[in-house]
Structure formats: C-alpha cells, structure tokens
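S.K.: Predicted model follows, preceded by the sequence.
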Amino acid sequence: MKKLFLVVFLLISGLCFAQTEGYRVGDVVKDFSLKNIDSKMVSLADYKDAKGYIVVFTCNTCPVAKGYQERISALNASYAGKGYPVVAINPNDAVTVPDESFEKMQALANEKNFRFPYLLDPDHVVTKQFGALKTPHVFLLSKTEKGNVVEYIGAIDNDSEGENPDKINYVQNAISELSAGKKPSIASTKAVGCSIKWKKG
Amino acid sequence: MRIFFIICLSLITYSANAQVKLLTLDELDKRIARGKDTTYVINFWATWCSPCVAELPNFEKLRLANLETPVKILLVSLDFKSKLEKEVIPFVKQNNIKAEVLLLNERDQQRYIERIDKKWSGAIPATLFVNKKIRRFYEKEFTESELKNTLLNLK
C-alpha cells in the first residue's frame, strides 16, 4: 500500500513538474487557437507561408514589456515579410490586473499601431503549455516537417533599458542563423521582465 | 526658539532627502569584501513588482531587529535608471523606507543575473545573504520569520 502511495505521489508530482516546465529548445509546439483583439481566433496554422514564428508573451503594464513594445513591432516589421511573423500573447489575468483587460489591450494595440496579433490567454492554458514566466518572454519557432519546433527561448536582447554598448540581438541573430540553415548559436537566455500575473484562487 | 525651528527644518529636509545611489556589481563586491564580519542581506526588488513591495516591511523588521549586530540590509532596485528620480526616490519617501536603497547600475541583464547567481531566472523578489565566507541566494518571497531564521541558520 505504501509503495502504491509512493508511486501515485511520484506520478502526480511528475505531472505537476511537467506542467510547470513548459517547452524546451527542440520541442514541437502544439498549435493553439486564441482570441485576438479584433475578436477573431488566431492559430499558428493560419500562417500558411510562415517559415516560423516569433511568439512573444507580453502585456500592457509591465515597464520592461513597455520598454520592448517598439522592438517587438520592429521585429515584426523586419521579419514578417521574411516568413517569421510576431504572434504576441498576453499571459496576464485581467481580474488580477484590470489594466490587462481586453479593452486595454485593444487600446494599446491601436495606440502603438500593432501590426501583429495580440492574443488573450484567459486561463493561462497556452502560457503554461509554453512555460512562459515573464513579460516579455520570447519563443522562436521554426516550421518543420515534424511541426513547429522551438529554436530559441528567452530575451529579445541584453539591453532592456537601451543603453548597453555590447548589445546582442538574440532573436534577430537566431533568425539569421535559421535562415542560413543553421541552428541558433545562442538557443536560450534568461527572459528579463515582470512575473506573470496568474489568476487568483 | 529660532534655533529650534532651524534644527527642525533641517531635520525635516534631511529625512525628506531620501538617497538612492547607483550600484554596480563591482562596487557591491568591494563593499562585501570591506565589510569584515558584516553579513549583507541584499534584496532585489522593483517598484513595479507587487510581491517585492509587499515583502519590503519584512526587511525593515529584520533591520530593526539587527541594529546591534553586524548585519546590513541593502534594498537593490532593478527599476530602470531613468525612473530613479520620478519613481524610485518618491517611492522610498512615501513608504518611509529606512534601509539603504540602491539602484542596480548594470547594462547587461544576462551578465548581471549570472553574476549574482547562476541559477537565478532573473525573477524578483530574490534575496542574497552574503558575507566574506558564505553566499546563499534565494529566488523567493520571504516572510518575517523566514528572513530571521535564514539569517540565524546561515552556515
């Protein structure tokens, strides 16, 4: 009986662990369908011509995420045409933080002229699936025969305040390497920003 | 009477003039090295991080409990440098924070995170207990008693 208990316990803790871990570089991503700020549903599969995706977990309120808004727009402007569109997902719970509401997301996207989807993940399902922990937190995917494979996880660059003379553009570099048929030489960094505001209770 | 008034006024301006200095990791290392038997409890926080703000009073209690011991509390803010005057200093004043507050003066997030602790995800709150011999890093929120016990059991 004790043994059975232990086995069950290990299984459960294993499951919990797996849930919080999220994707690692090399994993195949499960597609999702999330509501965009225009109320239409968006999936990765909608992008027929994509070679990959810049999936960014970002939000309305975090000062670090705000600092990266223009850089995220610039990534989309540079790479959507080359087959790597930005797909932004807001992982924060709007009940916990009212300024993360659908309406506020619409207002921000309008104000900042987002040319990419800004999706809601109301129950953190996709956020947990990816294992996103911060805003902003990037998952760069490439479309392969196996599916959409995670190629890079982490920060956009190592310069959140725009003052580092030794700035490294991790996402740009990774896409350049992927486009040249190589694997990103830096496949993961630490995402710097605000913790995700989870649903309470 | 006039002298009394002047003293009061200067005291008020002194306390209102909350200082938040910039701090590089090199400066922090030097300070720890100079600290002899002092144990530094270094809390990494930011004005925008609500769990950080919530635990700040616990560091104040720890400070008050250790006025006579070689323990120094440093509250190192990870706010942007551009927010120092507009947000960090007003926050310190409003919340009447008595512990020493500093703002991390590092440009490369990937480098400073690694330097503070290799296992750190970069998430805050996080707290480093450090003296010349011991270095313990915790990526978590602390209650008042957890802070006290961690300091007491530092080996």
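M.R.: Noted; the coordinates are in hand. Residues are numbered from 1 along each chain as shown, chains lettered A, B, ... in the order given.

S.K.: Show the pLDDT at residue 144.
M.R.: I went with chain A, as the question did not name one. Note for residue A:144: predicted pLDDT of 96.

S.K.: Switch to chain B, please.
M.R.: pLDDT, residue B:144: 97.

S.K.: if I look at it, how far off is chain A?
M.R.: Distance from residue B:144 to chain A, counting by Cβ to the nearest Cβ, to the nearest Å: 22 Å. Heads up, the C-betas are built off the backbone N, CA and C, glycines and all.

S.K.: Got the phi and psi for that residue?
M.R.: phi -60, psi -50 (degrees, to the nearest 10).

S.K.: so it sits right up against residue B:59, yeah?
M.R.: No: between residue B:144 and residue B:59 there is no contact under Cβ atoms under 8 Å: 9.1 Å.

S.K.: Between these two, point out the one with more neighbours.
M.R.: residue B:59 (24 against 15; other Cβ atoms under 10 Å in any protein chain shown).

S.K.: element containing the more buried one?
M.R.: Using DSSP states H and E, residue B:59 sits in helix B:50-65.

S.K.: CA atoms only for that helix, dumped as CSV, please.
M.R.: Written as CSV, here are the backbone C-alpha positions of helix B:50-65 (Å, rounded to 0.1, in the frame of the first residue of the first chain):
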residue,chain,number,x,y,z
SER,B,50,4.0,43.9,-6.3
PRO,B,51,5.2,40.8,-4.3
CYS,B,52,8.5,42.7,-3.8
VAL,B,53,6.7,45.7,-2.5
ALA,B,54,4.6,43.5,-0.2
GLU,B,55,7.7,41.9,1.4
LEU,B,56,9.7,45.2,2.0
PRO,B,57,8.2,45.7,5.5
ASN,B,58,9.7,42.3,6.5
PHE,B,59,13.2,43.6,5.6
GLU,B,60,12.5,46.7,7.7
LYS,B,61,11.6,44.5,10.7
LEU,B,62,14.8,42.5,10.1
ARG,B,63,16.8,45.7,10.0
LEU,B,64,15.3,46.9,13.3
ALA,B,65,16.0,43.6,14.9
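
S.K.: Show me what the helix or strand that that helix is followed by is packed up against.
M.R.: Next along the chain after helix B:50-65, taking DSSP H and E as the criterion, comes strand B:71-77. Packing partners of strand B:71-77 (3 or more Cβ pairs under 8 Å, 6 or more residues apart in numbering or on different chains; DSSP states H and E): strand B:39-45, helix B:50-65, strand B:100-104.

S.K.: what's the closest of these to residue A:94?
M.R.: Within the helices and strands packed on strand B:71-77, the stretch nearest residue A:94 is helix B:50-65; the backing value is 15.4 Å (Cβ to Cβ).

S.K.: Chain A contacts on chain B?
M.R.: B:46, B:48-49, B:51, B:79-83, B:107-111, B:113, B:120-124 (Cβ under 8 Å from any Cβ of the partner chain).

S.K.: Now render the helices and strands packed on strand B:71-77 as CSV, adding mean pLDDT and distance to residue A:173.
M.R.: As requested, the helices and strands packed on strand B:71-77 are exported to CSV (pLDDT from 0 to 100; distance: least, Cβ to Cβ, whole Å):
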stretch, mean pLDDT, distance to residue A:173
strand B:39-45, 98, 28
helix B:50-65, 97, 32
strand B:100-104, 98, 26
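
S.K.: between these, which one is nearest to residue B:22?
M.R.: strand B:100-104 (5.4 Å).

S.K.: Any idea how far the next helix or strand after that closest one is from the middle of the chain?
M.R.: Per DSSP H and E, the first helix or strand lying C-terminal to strand B:100-104 is helix B:109-116. Relative to its chain's centre, helix B:109-116 lies at 17 Å (Cα atoms, centre = their mean, to the nearest Å).

S.K.: How about stretch A:34-49?
M.R.: Mean-position distance between stretch A:34-49 and its chain equals 15 Å (Cα atoms, centre = their mean).

S.K.: For that stretch, the averaged confidence score.
M.R.: What stretch A:34-49 shows for mean pLDDT is 97.

S.K.: Quote the end-to-end distance of that stretch.
M.R.: Taking Cα to Cα, to the nearest Å, the first and last residues of stretch A:34-49 lie 20 Å apart.

S.K.: quick one, what contacts residue A:146?
M.R.: Residues in contact with residue A:146 (Cβ atoms under 8 Å, 6 or more residues apart in numbering or on different chains) are residue A:28.
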